[in-house]
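1. Whatever this is, show me its structure:
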Amino acid sequence: MELVERGHLLTEQVNPNSQNLDQMSALEIVDVFNQEDAQVIAAIASARMPLAVAIDCTAEALRQGGRLFYVGAGTSGRLGVLDAAECPPTFCTPPELVQGIIAGGAGALVRSSEDLEDRAEDGMQAIAHRQVHHQDVVMGITAGGTTPYVQGALQAARQRGATTIFMACVPIEQVSLDVDIDIRLLVGPEVLAGSTRLKAGTVTKLALNILSTGVMVKLGKVYGNRMVDVAVTNSKLLDRALRILQDLTELNREEATQLLERSGRQVKLALLMHWTGVEAEEGDRLLKQCQGNLRQAVEHSKL
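-> Below you'll find the predicted structure:
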């Protein structure tokens, strides 16, 4: 295998503000991290336009029956899997709607498998295995931009007609890729040179939070800023569901509990039933007719 020189990449460069890191006190280490992490917020602000485009494109694709795939290796892959795994409990989505693909599979989540990121053909096979098609969205996540596994996956996804998104922490002049949406999160050199689990990992987590939450908002899974599609699967989430009902209606705790049970523990349906007077079956029909959008379902009930 040919060894590629990567020293020119922004993510591999040496940070002048932490050159004496091994001589710093614990407080000085905390301070230098704090100062450097401030660049994360600025990087998100600079990428606001492509992030917004990605939200709109992905929401439309999912609305038309597509799926969202995150593809990465190492830290980037783990963050993609994490974001995908958090969608079902937060938004009650089916697990296949948002999926994380990591080089090395599930085992790579808990142990280092970074050697597997060098195989572009594995990334291509992962896309073929999931039968990615033209309605799907595939986001490749790689801090340094050069990960063969991710590049192979994006190439295969593009050949299959999927919408492709590239998320990297290096400028486009350092690594250029033929994709539909290009998101660059430029946080500068790491405090520990080359350790992209630091600022690059943090900015990636923030960007994925924004992307997936924005998509779910566009899909009608949020009312105001409440997670009205929350999956009521434990006592904490049951309490949250009841508080949402109490906050958005004039019901007390006992009445909210009764309403929630009548709706089959579906907060969105419970609110629709309360606001419109329909029963669960009719409310469910209205929500399906409005593609799950609560506001639209309430308006439609008045027609």
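2. Would you enumerate the residues in contact with Asp37?
-> Counting by C-beta atoms under 8 Å, 6 or more residues apart in numbering, Asp37 touches Lys199, Thr202. Every C-beta, even on glycine, is put in place using the N, C-alpha and C of the backbone.
3. For it, what is the enclosing helix or strand?
-> Under the criterion of DSSP states H and E, Asp37 resides in helix 26-46.
4. what about dumping the CA coordinates of that helix to PDB?
-> Taking Å, rounded to 0.1, in the frame of the first residue of the first chain, the C-alpha atoms of helix 26-46 are listed here in PDB:
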ATOM      1  CA  ALA A  26      -3.600  21.000  35.100                       C
ATOM      2  CA  LEU A  27      -5.200  24.400  35.100                       C
ATOM      3  CA  GLU A  28      -3.200  25.600  32.100                       C
ATOM      4  CA  ILE A  29      -4.300  22.400  30.200                       C
ATOM      5  CA  VAL A  30      -7.900  23.200  31.000                       C
ATOM      6  CA  ASP A  31      -7.500  26.800  29.900                       C
ATOM      7  CA  VAL A  32      -5.800  25.900  26.600                       C
ATOM      8  CA  PHE A  33      -8.600  23.400  25.800                       C
ATOM      9  CA  ASN A  34     -11.200  25.900  26.700                       C
ATOM     10  CA  GLN A  35      -9.700  28.600  24.500                       C
ATOM     11  CA  GLU A  36      -9.300  26.200  21.500                       C
ATOM     12  CA  ASP A  37     -12.800  24.800  21.800                       C
ATOM     13  CA  ALA A  38     -14.200  28.300  21.300                       C
ATOM     14  CA  GLN A  39     -13.300  27.700  17.600                       C
ATOM     15  CA  VAL A  40     -15.900  25.000  17.400                       C
ATOM     16  CA  ILE A  41     -18.900  27.400  17.600                       C
ATOM     17  CA  ALA A  42     -17.300  29.700  15.000                       C
ATOM     18  CA  ALA A  43     -16.800  26.700  12.600                       C
ATOM     19  CA  ILE A  44     -20.500  25.800  12.900                       C
ATOM     20  CA  ALA A  45     -21.500  29.300  12.100                       C
ATOM     21  CA  SER A  46     -19.200  29.300   9.000                       C
END
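5. Which parts of it count as buried, going by neighbours?
-> Buried residues in helix 26-46, counted by 16 or more other C-beta atoms under 10 Å: Val32, Glu36, Gln39, Val40, Ala43, Ile44.
6. residues contacting the fourth one?
-> Applying C-beta under 8 Å, 6+ apart, we find Val40 in contact with Val187, Lys199, Thr202, Val203, Leu206.
7. Against Gly104, how distant is the residue lying closest to it once chain neighbours are set aside?
-> Here the nearest residue to Val40 in space, its sequence neighbours aside, is Val203; by C-beta to C-beta, 6 or more residues apart in numbering that works out to 4.6 Å. Separation of Val203 from Gly104 (C-beta to C-beta, to the nearest Å): 23 Å.
8. Can you pick out the residue with more neighbours from the two?
-> Val203 (25 against 20; other C-beta atoms under 10 Å).
9. Number of residues surrounding Lys302?
-> 6.
10. what about the helices in the chain?
-> 26-46, 48-63, 74-91, 120-129, 148-159, 199-218, 235-248, 253-262, 267-276, 280-289, 294-301 (DSSP state H).
11. got a list of contacts for the last one?
-> Read that as helix 294-301. 220, 223, 228, 268, 271-272, 275-276, 278, 283, 286-287, 289-290.
12. Nearest to Ala153 among these?
-> Gly220 (29.5 Å; C-beta to C-beta).
13. For the residue positioned nearest the centre of the chain, give its distance to Ser25.
-> Nearest to the mean C-alpha position of the chain, by C-alpha atoms, centre = their mean, lies Leu208 at 3.5 Å. As judged by C-beta to C-beta, Leu208 and Ser25 stand 34 Å apart.
14. same check, this time on Thr257
-> Relative to Ser25, and taking C-beta to C-beta, Thr257 is found at 54 Å.
15. quick one: which of these two has more around it?
-> Each of Thr257 and Ser25 has its neighbours counted (other C-beta under 10 Å); Thr257 has more, 16 against 8.
16. neighbours around the residue nearest to the more buried one when sequence neighbours are not counted, how many?
-> Nearest non-adjacent residue to Thr257, counting by C-beta to C-beta, 6+ apart: Leu242, 6.2 Å away. By the measure other C-beta under 10 Å, the count of residues near Leu242 is 21.
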